[in-house]
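Asker: pasting the sequence and the predicted coordinates here, then a few questions.
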Amino acid sequence: MTKKMINQPVHVSAVTFDRQFEPVPRRIEFEGRTLTFISQGIRLLIKSNSHMTRLWDMCDGEAYYRLRRDDSAWTLVTISR
């Protein structure tokens, strides 16, 4: 499996909500392509003092994507194939 570092902002064009009403990305727009995720993914919460960062590991059936959410901005961190 190869991992490619991206670290670019992305537009999340569709979300679903978990049981605590936290938004979960369902579809993103990246480099002119629309990527639709097939599951709720794996979520990680990282706390450092008063700052919280949320990470999602998502899959579209072909590759794995790590997304980061800081405040209201979404960033595509990595793509693994």
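Answerer: Good, I have the coordinates.
Asker: tell me how many other residues crowd residue 75.
Answerer: A count of neighbours around residue 75, defined by other C-beta atoms under 10 Å, yields 16. To be clear about C-beta, it is placed using only N, CA and C from the backbone, and glycine gets the same treatment.
Asker: grab the nearest non-local neighbour of residue 6.
Answerer: Excluding the flanking residues, the one nearest residue 6 by C-beta to C-beta, 6 or more residues apart in numbering is residue 76, at 4.7 Å.
Asker: correct me if wrong: the one you found contacts residue 64.
Answerer: No - if you go by C-beta atoms under 8 Å, residue 76 and residue 64 don't touch, sitting 11.6 Å apart.
Asker: ok, back up a step: per-residue confidence, the residue nearest to residue 6, what does it come out as?
Answerer: The model reports residue 76 with a pLDDT of 98.
Asker: just checking, what packs against the helix or strand where it lies?
Answerer: Assigned by DSSP states H and E, residue 76 belongs to strand 73-80. Identification of packing neighbours for strand 73-80 by 3 or more C-beta pairs under 8 Å, 6 or more residues apart in numbering; DSSP states H and E yields strand 3-9, strand 23-30, strand 64-70.
Asker: any chance of the ones you listed in TSV, plus distance to residue 51 and mean neighbour count?
Answerer: Shown next, in TSV, are these (distance: least, C-beta to C-beta, whole Å; neighbours: other C-beta atoms under 10 Å):
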stretch	distance to residue 51	mean neighbour count
strand 3-9	18	11
strand 23-30	19	18
strand 64-70	8	18
